[in-house]
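**Q** Sharing a model prediction with you, sequence too.
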Amino acid sequence: MKIAVMSCIHGNYEALNAVLSDIDAQKADKIFCLGDLVGYGPYPNQVVEMIRSLDIPTCQGCWDEDIVEGLNSCECSYPSVLAEKRGRVAHEWTNQEIHPETRSFLATLPMVVQEDNLCFVHGSPHSQHEYLLPDIHAFTALERVLSTGADVMFCGHTHVPYVRALSEGTFQVRISQPNADPDQTGRFEAPLKRLINAGSVGEPRHGRTDATYVLYDSETQDVALREVPYDYQKTCQAIIEKGLPPIFAWRLAQGMEYAERAEDPTHVCER
Amino acid sequence: MEYWAILSGIEGNLTAYEAVLADIKRQRHPVSSLYLLGDVVGPHPESEALVQRIQKQRRGELEPQICLGWWEEQCLILYGLGRISEPTSLIEKYGMPMVKTLWDSVSRQTVEWMRSLEFGIYELDCLLVHGSSVGVEDTLTPETPVQILLDRLLRFGANNLFCGRSGLAFQYEIKESAIASTIQTLNHAAQTQSVTITARQIVGVGNVGRTAGEATYTLYDPGTNRVQFQTVRYGHFKGFRLPNRSKTIAAKQRARPPRLEMNQKKNE
């Protein structure tokens, strides 16, 4: 079965339409979405409506969670006070803009979607706010995938797509306890696991303006990172016209590589 | 050779704490630092007296370095000073009556003191915390899957993690570990790297106050990485038992099939 996985649409209806057309052209059997349907972009209601009408299995992203629960992430989610301020403005705009049924739908989204040996999360299995960047420690990445019980874990949140295979993992351990004699020793092997980041449909940050998503063939296990051009200028114009911070339009027009993320990407906000 | 004495889970048991301090004084090698990894207080009538005791050292005693424990966090929540407003974890674990018991066990002044406690202590390449680098509630045991233990170490870049939440005394050494990682991005073709990690360990430091008549704690020499568990009997069981064994990372390995439950395939 060929599946398409997309993430981080962020109210960018133009980009979503372009990606859905490409998925159609690629003849994918099923689509999954990793959340962040809203935030930054000008069309949150339309994006949610489209996802609902197509009945796409979707997990909850950090922006979706913030719209449902209220903005409650700590300053550690942003690299600077300025970035935090901008994020807050976008949150408040989105909060005003969305319809009650949009909010209700976002509240129903699960943290994790699982199908066979595949698992779908927004940030990580532990938090929608955790960034699993391509260069995260290999053993950290392995722990995240193992914690789901799946063989392949799809995530988003970073807006930069990648495929990471973790193989030949071995651990040698020794355990001593005062009342257990003798020590226990062991060698364990971790089976092949894969971590696939779907990038971002509506706010790509891989250095180009094209929307990104992934195709995965569950029989051949082939992965294709897809880039889809769309009329990003239309979205940029709508961002400005609707009164969102103009920097989001500028960032969209750059495919800004520098993600707004905390210095410690694995930090799990406890608020 | 200088040791650190690492204690956890006194839980308001002043008698047990005094017995451990006496045992520390008796050590042949000097103890240079004293760490209390949380749960200093508990639902125990002596909690207040214990906090006063650790705040005022007697002549020649070490000033303890203390971090936040699960019971301290519950106290902070009860007094409206925690990160959440309801003591849900406390009620789930012990039921509603415990809310009053704990409230009666600690004063507001003591709770104010708890506010000053750090989440953990980082010394040399050692992280000393109550639960783990994830939180005070996180419980690490010898049965915890190795990838989770390693994750808790990597989160703070520590080589040694000392914790007390489980109450168990154990030394879990993660020796040579390796993995192949292949990354492909839109801009770079697949590249494979072999990632290895050096030896690291998680040490459960035991529990001072939970078991009547028997306290366990840990002595650690940061110079040699030597870990030694101490069992102290007091009260009706008085008479101090010798440490069962000394443990070092370099100690000889004895081949024996492990009893670990893991998500991964066992190789033997």
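**A** Looks like it arrived, so ask away.

**Q** rest of the way, CA atoms for contacts and neighbours
**A** Fine.

**Q** Quick check: phi and psi on the closest residue to A:V19 other than its chain neighbours?
**A** Nearest in space to A:V19, with sequence neighbours left out and distances taken as C-alpha to C-alpha, 6 or more residues apart in numbering or on different chains, is A:V228 at 6.3 Å. Note on A:V228: backbone dihedrals following degrees, to the nearest 10 are phi -130, psi 120.

**Q** Look at A:V228 and say how many residues are nearby.
**A** A count of neighbours around A:V228, defined by other C-alpha atoms under 10 Å in any protein chain shown, yields 18.

**Q** gap between it and chain B?
**A** Between A:V228 and chain B the computed distance is 12 Å (C-alpha to the nearest C-alpha, to the nearest Å).

**Q** which stretches of chain B form helices?
**A** Listed in chain order, the helices of chain B (DSSP state H) span B:14-25, B:47-55, B:70-78, B:88-94, B:97-105, B:108-115, B:146-154.

**Q** just the strands in the stretch 1-150 of chain A please.
**A** Applying DSSP state E, counting those that start in this stretch to the stretch 1-150 of chain A gives strands spanning A:2-6, A:30-33, A:112-115, A:118-121.

**Q** Out of these, the one nearest B:A190 is which?
**A** Comparison of the strands of the stretch 1-150 of chain A against B:A190 by C-alpha to C-alpha identifies strand A:2-6 as nearest, at 20.1 Å.

**Q** near chain B at all, that closest one?
**A** No - when contact is scored as C-alpha under 8 Å from any C-alpha of the partner chain, no part of strand A:2-6 falls within range of chain B; the minimum is 15.3 Å.

**Q** Could you report the pLDDT at A:A253?
**A** Per-residue confidence at A:A253 stands at 92 (pLDDT).

**Q** right, and it touches A:D210 too?
**A** No - taking C-alpha atoms under 8 Å as the contact criterion, A:A253 and A:D210 are not neighbours in contact, 9.5 Å apart.

**Q** The two: who's more crowded?
**A** Each of A:A253 and A:D210 had its neighbours counted (other C-alpha under 10 Å), and the higher figure belongs to A:D210 (26 against 19).

**Q** isn't that one right up against A:D231?
**A** No - using C-alpha under 8 Å as the test, A:D210 is too far from A:D231 to be in contact (9.1 Å).

**Q** re the thing from before, go through the helices of chain B and pick out the most buried.
**A** Each of those was given a mean neighbour count from mean count of other C-alpha atoms under 10 Å in any protein chain shown, and the largest, a mean of 23, is that of helix B:70-78.

**Q** So is that helix next to chain A?
**A** No - with C-alpha under 8 Å from any C-alpha as the measure, helix B:70-78 is seen stopping short of chain A, the closest distance being 13.2 Å.

**Q** So which elements touch that helix?
**A** Counting contacts by 3 or more C-alpha pairs under 8 Å, 6 or more residues apart in numbering or on different chains; DSSP states H and E, helix B:70-78 packs against helix B:97-105, helix B:108-115.

**Q** Just put the helices of chain B in CSV and tack on mean pLDDT.
**A** Listed next are the helices of chain B as CSV, based on pLDDT from 0 to 100:
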stretch, mean pLDDT
helix B:14-25, 94
helix B:47-55, 93
helix B:70-78, 93
helix B:88-94, 91
helix B:97-105, 89
helix B:108-115, 93
helix B:146-154, 94
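
**Q** Adding distance to A:V81, write the ones you listed out as TSV.
**A** As requested, those are exported to TSV (distance: least, C-alpha to C-alpha, whole Å):
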stretch	distance to A:V81
helix B:14-25	46
helix B:47-55	38
helix B:70-78	29
helix B:88-94	33
helix B:97-105	39
helix B:108-115	26
helix B:146-154	27
